[in-house]
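**Q** coords please:
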Amino acid sequence: MATLPQLKLNFNQQIKLSNGGGSLSSDTGQFLFREFDEKLGFSKTLAQHLCLKDTRAYSVHSNENLLRQKLYQMIAGYAHDDAADHLTTDPVFTHMLGTPALASQPSLSRFFKRFDRQSIEQLERANQALLDKVHTFRESKTLIFDLDSTHSDTYGNQEDAVYNAHYGTIGFHPLVAFDGVTGDFLKAKLRPGHVYTSNGVVEFIQPLIEHYNEKFPETISFVRGDSGFAVPALYDLCEKESVFYVIRLKSNAKLQQIAEDLHPSTTPSDVTKAACYFEETMYQAASWSKPRKVIVKSVRPAGEL
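**A** Have a look, this model is predicted:
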């Protein structure tokens, strides 16, 4: 007599009834990320560049697998290290990592203590290697270095966590760069919470510009930034490296007068329609070494005089 786990349905012999429950997981979509990982060589590239100072006398989980586990957990929405204890024997995660069990929360927490400044530089080189691979595959003709800064809230007594008056909270004020065409993450730099937006921007972006000019000389590069990055040293760098740039200027009395001279205010013929005008002129601020072209945008919203 057949037991329940061996019972097949007559109408479809491919279906079997079982009361064993099986190995269940709600994260099967992670297999697609692992497949993408393999095709891109993501984890292999990290392993090639990352060399941590590991003093463990005995270990079950390699640094490569610990990093991969943390990344996959974050992708699946398990950002906290504690989640590892609930995913210990999850069939999807164990098959992706090729281990009978996941590393525990203490193992993940100790893993991050092995990182230092040199490790961060190694990860930057790994990220650049992956970006170069994708850039070559896409045959990209244009690259926009989209500069920005953001705020990361912190809790507790974090090193360099300082109050930021603009955001009205305590944390870090990292500098970031993305490709404005593809959205790819290019680079980031962690900074104290109270530094100004443009602090260290030239030292931050110069290695990126030099790298792409040397490795992809056929690519047309742009630098884009808001008024926080309106510093002459950045203009000089872009001009020296033959990189186009568009950076917003903060308004001042002189620029306002130039705008009024270029396009004087007039009574609109149809107040219900918005109006937008662009003009260009040469302008030199007191801190600039030479005049530069400035684009003036004049906007009258609909319904306003």
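
**Q** how about the strands in the stretch 51-200 of the chain?
**A** Ranges of strands in the stretch 51-200 of the chain, per DSSP state E, counting those that start in this stretch, are 142-149, 152-153, 162-164, 169-172, 175-179, 185-189.

**Q** In a markdown table: these, plus distance to T136, mean neighbour count and mean pLDDT.
**A** Every C-beta, even on glycine, is put in place using the N, C-alpha and C of the backbone. Listed next are the strands of the stretch 51-200 of the chain as a markdown table, based on distance: least, C-beta to C-beta, whole Å; neighbours: other C-beta atoms under 10 Å; pLDDT from 0 to 100:
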| stretch | distance to T136 | mean neighbour count | mean pLDDT |
| --- | --- | --- | --- |
| strand 142-149 | 12 | 20 | 96 |
| strand 152-153 | 32 | 14 | 91 |
| strand 162-164 | 39 | 15 | 90 |
| strand 169-172 | 33 | 18 | 93 |
| strand 175-179 | 14 | 19 | 96 |
| strand 185-189 | 15 | 17 | 95 |
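
**Q** just so I know, which of those strands lies nearest N63?
**A** Closest to N63 of the strands of the stretch 51-200 of the chain, according to C-beta to C-beta: strand 185-189, at 21.3 Å.

**Q** quick check: angle from that closest one to strand 142-149?
**A** 30 degrees (axes from the mean of the first three to the mean of the last three C-alpha atoms, to 10 degrees).

**Q** strands paired with strand 185-189, and their directions?
**A** strand 175-179 (antiparallel) (DSSP bridges).

**Q** Contacts made by the partner strand with the rest, please.
**A** With contacts defined as C-beta atoms under 8 Å, 6 or more residues apart in numbering, strand 175-179 is touched by 143-150, 184-189, 191, 199-201, 204-205, 208.

**Q** okay, now M96: neighbour count?
**A** A total of 21 residues lie near M96 under the criterion other C-beta atoms under 10 Å.

**Q** That one and N65: what is the separation?
**A** 10 Å (C-beta to C-beta, to the nearest Å).

**Q** Y235 too?
**A** Distance of Y235 to N65, computed by C-beta to C-beta: 46 Å.

**Q** Ok, L143 next?
**A** 34 Å.

**Q** I'd assumed L255 was in a helix, is it?
**A** Yes. According to DSSP: H, G, I helix; E, B strand; the rest coil, L255 belongs to a helix.

**Q** Provide a list of residues in contact with it.
**A** L255 neighbours (C-beta under 8 Å, 6+ apart): L249, Y283, V294, V296.

**Q** 7 Å instead?
**A** L249 (C-beta atoms under 7 Å, 6 or more residues apart in numbering).

**Q** The one 4 residues further on too?
**A** For A259, the set of contacting residues under the criterion of C-beta under 7 Å, 6+ apart consists of V296, S298.

**Q** That one sits in which helix or strand?
**A** A259 belongs to helix 253-262 when assigned by DSSP states H and E.
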